[in-house]
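Engineer: Fold the stuff below for me.
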Amino acid sequence: MNKNYSFHIGTSTNLTYNPEADYNKAGSILFTKDTNELFINIDNVSSDTKEYRK
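Structural biologist: This next block holds a predicted model:
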């Protein structure tokens, strides 16, 4: 797992699986302020690798 962590705040309606988005990179921590969910990417996330967002 990537050791470079980043923290992102957004809404669940704006989350995508775009592999180019910074919040889809390994080590990203995502907080959705509309649903109060916290996600951690254990690897790079894309349309094919959705299960890497836990």
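Engineer: in the chain, which segments are predicted with low confidence?
Structural biologist: Residues of the chain that meet the criterion pLDDT under 70 lie in 1-3.
Engineer: any idea how far the closest residue to Thr16 other than its chain neighbours lies from His8?
Structural biologist: Distances taken as Cβ to Cβ, 6 or more residues apart in numbering place Asn24 nearest to Thr16, at 7.7 Å, with adjacent residues excluded. The C-beta positions use only the backbone N, C-alpha and C, and glycine is treated the same way. Using Cβ to Cβ, to the nearest Å, Asn24 is found at 10 Å from His8.
Engineer: Please, where are all the strands along this structure?
Structural biologist: Residue ranges of the strands in the chain, as given by DSSP state E, are 6-10, 28-32, 37-40.
Engineer: Out of those strands, indicate the one that is most buried.
Structural biologist: Compared across these, strand 28-32 shows the largest average neighbour count, a mean of 17 (mean count of other Cβ atoms under 10 Å).
Engineer: That one pairs with which strands?
Structural biologist: The strands that strand 28-32 pairs with in its sheet are strand 6-10 (parallel), strand 37-40 (antiparallel) (by DSSP bridges).
Engineer: now what about it, what contacts it?
Structural biologist: Strand 28-32 is contacted from outside by 5-12, 15, 22-23, 37-41, 53, using Cβ atoms under 8 Å, 6 or more residues apart in numbering.
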